[in-house]
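>>> predicted model, plus sequence, below.
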Amino acid sequence: MKQISGGVTAAKGFMAAGAEAGVKYQNRKDMALIYSPYPCVTAGVFTSNLVKAAPVIWDRELVNAGSPVQAVIVNSGIANACTGRIGYDYCKQTAEAAAEHLHIPEDSVLVASTGVIGMQLPMDKITVGVAKLAKSKADTPEAGDDAAHAIMTTDTVPKQIAVTVELGGKAVTVGGMCKGSGMIHPNMCTMLGFITTDVCITKELLQEALSNDVQDTFNMISVDGDTSTNDTLVVLANGQAGNPVIDKKGADYDAFVEALHFVNEMLAKKMAGDGEGATALFETKVIHAVSKEQAKVLAKSVICSSLTKAAIFGHDANWGRILCAMGYSGAQFDPDQLELSFAGGGESILIYKDGMAVDYSEEDATRILSNPEVTVIADLKAGEAEASAWGCDLTYDYVKINADYRS
């Protein structure tokens, strides 16, 4: 497997575009298109929030029905959530506009929205935006970059990645982009994410690969504990790599899963590190656990702790907050057997062992915690399982951003 430049246009047969439609923002791209002239096998996972946005309902119906997909239309600024039957009808109108301009079936168009909940989409602007996207679509890295920028809301940077892997003697590419900065909490995959690949694979195995992998990637991130109404992650596979079809598990399936996992994990970490107001990516790695489930529960509890996140922002080695978060997680462990360390910038420091703090330098700990990527390592010394979770620090700017979000 090799990482390459690009995102959703890196795989063969995929095009993209970004356009300025003025849905909510002015003087910036706010609509995106992903397009394949070849029908795609599609897999998807969606929010577990009981309150589901209209695009989630539309997409879930198409993906579950097994409809071949050729296009995804995304708008930022307005979430089209809590918009009743009107919102669902607007999804249909968006798909109809895309079908007209791209000359594809209406039921081959997925839609996605992100932004303020409760507002209705300005369909006059959406339909004009669809026409712009169809006209400007291209298979270039620049077009993919335009699309990645267009789906941003409070994100500070676009998030995209691509890799290649050889399957059956053919080069297969997996690329993707996502957006997510606030209302991010592990409960499926909290964000909008779009993965494109030219692999030839059955829908059943593609769905299994995606559903399994989100448990260790997107479901292991949190920014603020809020599970969005619009969470959507879809994978489009158009089969243009020409590899022997993956219709059973084996070496080719495993290699594809590895590539998908790398893309998903990298995108998930990019989201966690770009949390609203964040200054640092905050990772918790639990090692030598009795089971993977125990490790996951403990790791997620630490990265979700507001007090711990605030300590990371203050570069404060307040290990008591970490221990406390592990203690209320619901997972059983022996605190007297636990070892806690901080790592960052190529350094690490042991801070807790045998039920009490060790004699460590606060100055050294502060220096390590001042890095843009900080890791807490919790060694349970009880087994061979491990898991990682990713979040960010909690800063003053998080409150500022969300206090003024609608205005």
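Noted; the coordinates are in hand.

>>> give the contact list for Thr140.
Shown here is Thr140, whose contacts under the criterion CB atoms under 8 Å, 6 or more residues apart in numbering are Thr9. To be clear about C-beta, it is placed using only N, CA and C from the backbone, and glycine gets the same treatment.

>>> can you check what pLDDT the model gives it?
Per-residue confidence for Thr140 comes out at a pLDDT of 98.

>>> quick check: it vs Asp146, distance?
Summarising the geometry, the distance separating Thr140 from Asp146, computed by CB to CB, to the nearest Å, is 9 Å.

>>> also Val45?
Between Val45 and Asp146 the distance is 26 Å, computed by CB to CB.

>>> try Thr395
The gap separating Thr395 from Asp146 is 30 Å, by CB to CB.

>>> the helix or strand encompassing Phe282 packs against which elements?
Under the assignment given by DSSP states H and E, the secondary-structure element containing Phe282 is strand 281-289. With contacts defined as 3 or more CB pairs under 8 Å, 6 or more residues apart in numbering; DSSP states H and E, the secondary structure elements packing on strand 281-289 are helix 251-273, helix 292-303, strand 373-379, strand 385-392.

>>> tell me the most buried of those?
Mean neighbours per residue, mean count of other CB atoms under 10 Å, is largest over these for strand 385-392, with a mean of 24.

>>> mean confidence for that one?
Strand 385-392 shows an average pLDDT of 97 in the prediction.

>>> ok now that strand, how far from the chain's centre?
Using CA atoms, centre = their mean, to the nearest Å, we find the averaged C-alpha position of strand 385-392 to lie 15 Å away from the chain's own average C-alpha position.

>>> what angle do whatever helix or strand comes next after that strand and strand 385-392 make?
Proceeding C-terminally, strand 385-392 gives way to helix 396-403 as the next helix or strand, assigned by DSSP H and E. Taking axes from the mean of the first three to the mean of the last three CA atoms, to 10 degrees, one finds helix 396-403 and strand 385-392 inclined to each other by 70 degrees.

>>> can you tell me what sits against helix 396-403?
For helix 396-403, contacts defined as CB under 8 Å, 6+ apart pick out 154, 182, 224, 275-278.

>>> counting neighbours, which of the residues you listed comes out on top?
Across the contacts of helix 396-403, the neighbour count under other CB atoms under 10 Å reaches its highest value at Gly275, namely 31 neighbours.

>>> Ala387 is in contact with Ala295, correct?
Yes - taking contacts as CB atoms under 8 Å, Ala295 lies within contact range of Ala387: 3.7 Å.

>>> any shared contact partners between the two?
Overlap between the contact sets of Ala295 and Ala387, as judged by CB under 8 Å, 6+ apart, is given by 286, 289.

>>> neighbour count for Thr395 and Asp146, which is higher?
Between Thr395 and Asp146, counting by other CB under 10 Å, Asp146 is the more crowded of the two (23 against 20).

>>> show me the residues around the closest residue to Ala317 other than its chain neighbours that make contact.
For Ala317, ignoring the flanking residues on the chain, the nearest one in space by CB to CB, 6 or more residues apart in numbering is Ala365 at 3.7 Å. By CB under 8 Å, 6+ apart, the residues touching Ala365 are 317, 342, 349, 351.

>>> run the last query once more with 6 Å
Neighbour list for Ala365: 317, 342, 349 [criterion: CB atoms under 6 Å, 6 or more residues apart in numbering].

>>> which residues of the stretch 151-300 of the chain score low on pLDDT?
Regions of the stretch 151-300 of the chain meeting the criterion pLDDT under 70 cover residues 186-190.

>>> mind redoing it with 80?
In the prediction, the stretch 151-300 of the chain carries residues with pLDDT under 80 at positions 182-190, 224-227.

>>> if we can go back for a sec, for the contacts of Ala365, which one is nearest Tyr35?
Top of the list for closeness to Tyr35, among the contacts of Ala365 and by CB to CB, is Phe342 at 45.6 Å.

>>> so for the residue nearest to Gln207 when sequence neighbours are not counted, what's the pLDDT?
Once its chain neighbours are removed from consideration, Gln207 has its nearest residue in Ala43; the separation is 4.0 Å (CB to CB, 6+ apart). We have a pLDDT of 98 for Ala43.

>>> which other helices and strands does the helix or strand hosting Ala43 contact?
Applying DSSP H and E as the criterion places Ala43 in strand 31-46. Judged by 3 or more CB pairs under 6 Å, 6 or more residues apart in numbering; DSSP states H and E, strand 31-46 is in contact with strand 15-19, helix 54-65, strand 69-78, helix 141-150, helix 203-213, strand 232-237.

>>> one more time with 8 Å
Contacts of strand 31-46 with other secondary structure elements, assessed using 3+ CB pairs under 8 Å, 6+ apart, are made with strand 15-19, helix 54-65, strand 69-78, helix 123-136, helix 141-150, strand 192-197, helix 203-213, strand 232-237.

>>> now the residue nearest the centre of the chain: how far from Ile322?
Nearest to the centroid of the C-alpha atoms of the chain, with distances taken as CA atoms, centre = their mean, sits Ala268, at 4.3 Å. As defined by CB to CB, Ala268 lies at a distance of 21 Å from Ile322.

>>> likewise for Ile351?
In terms of CB to CB, Ile351 sits 9 Å off from Ile322.

>>> anything in contact with each of those two?
Taking CB under 8 Å, 6+ apart as the contact rule, Ile351 and Ile322 both touch Leu340.

>>> what about the two, which has more around it?
Counted by other CB under 10 Å, Ile351 and Ile322 do not tie: Ile322 has more neighbours, with 26 against 21.

>>> hang on, the more buried one packs against Ile377?
No - at 10.5 Å, Ile322 does not count as touching Ile377 under the criterion of CB under 8 Å.

>>> what is in contact with the two at once?
Residues touching both Ile322 and Ile377 by CB under 8 Å, 6+ apart: Leu340.

>>> contacting residues around the nearest residue to Ala389 once chain neighbours are set aside?
Nearest residue to Ala389 in three dimensions, chain neighbours excluded: Ala299, at 3.8 Å (CB to CB, 6+ apart). Taking CB under 8 Å, 6+ apart as the definition of contact, the neighbours of Ala299 are 220, 284-286, 378, 387-389.

>>> all set, thanks.
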